[in-house]
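Visitor: structure here, sequence nowhere to be found:
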């Protein structure tokens, strides 16, 4: 019984550590971003399109604006995975109820987000079939 209790406490502490790490990761991601590159299925979007893509992260909410339309989603991150993982769940529209699996990295104010609209979670920071890659710069430059 003591071993079971000790294992239970260890599990709770481990899960708690992941939750704290994820809260920290969400705080690090928080802010406004401007896209600097967008590609889908390995094809780069035109500069005019890229200039119109912005993102805002506030808590576990992500808003991506493109062509003047806001797309809202809930996000869940796991910064303990390598590379860090992100799940994007659209809040409305035809994609509501789906979950887009992705990876991300944040380095010196640049946020690279790679996800699929269908299929398995990407393993690398590059485009490919069914893969969307967006590089953002933090709007305040920090």
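Guide: Thanks, I have it. Quick caveat, the model's predicted, so the values are computed rather than measured.
Visitor: so what's the residue nearest to residue 110 when sequence neighbours are not counted up against?
Guide: Excluding its sequence neighbours, the residue lying closest to residue 110 (CB to CB, 6 or more residues apart in numbering) is residue 137, at 5.7 Å. Where you see a C-beta, it was placed from the backbone N, CA and C, and this is true even at glycine. Contacts for residue 137 (CB atoms under 8 Å, 6 or more residues apart in numbering) come out as 33-34, 36, 109-111.
Visitor: so where is this protein shaky, pLDDT-wise?
Guide: For the chain, the stretches flagged by pLDDT under 70 are 1-21, 141-142.
Visitor: can you show me the strands along it?
Guide: For the chain, the strands defined by DSSP state E cover 31-40, 43-44, 54-58, 61-66, 69-78, 84-90, 100-107, 110-116, 131-138.
Visitor: beta partners for residue 39?
Guide: residue 44, residue 133 (DSSP bridges).
Visitor: how many residues are close by it?
Guide: 18 (other CB atoms under 10 Å).
Visitor: that one contacts residue 127, doesn't it?
Guide: Yes: Residue 39 is within contact range of residue 127, at 4.4 Å (criterion: CB atoms under 8 Å).
Visitor: mutual contacts of those two, please.
Guide: Counting by CB under 8 Å, 6+ apart, the residues touching both residue 39 and residue 127 are residue 133.
Visitor: beta partners for the residue nearest the centre of the chain?
Guide: By CA atoms, centre = their mean, the chain has its centre lying nearest to residue 86, at 4.2 Å. Beta bridges link residue 86 to residue 77, residue 102, judged by DSSP bridges.
Visitor: isn't it up against residue 116?
Guide: No: applying CB under 8 Å as the test, residue 86 and residue 116 come out as separate, 11.5 Å apart.
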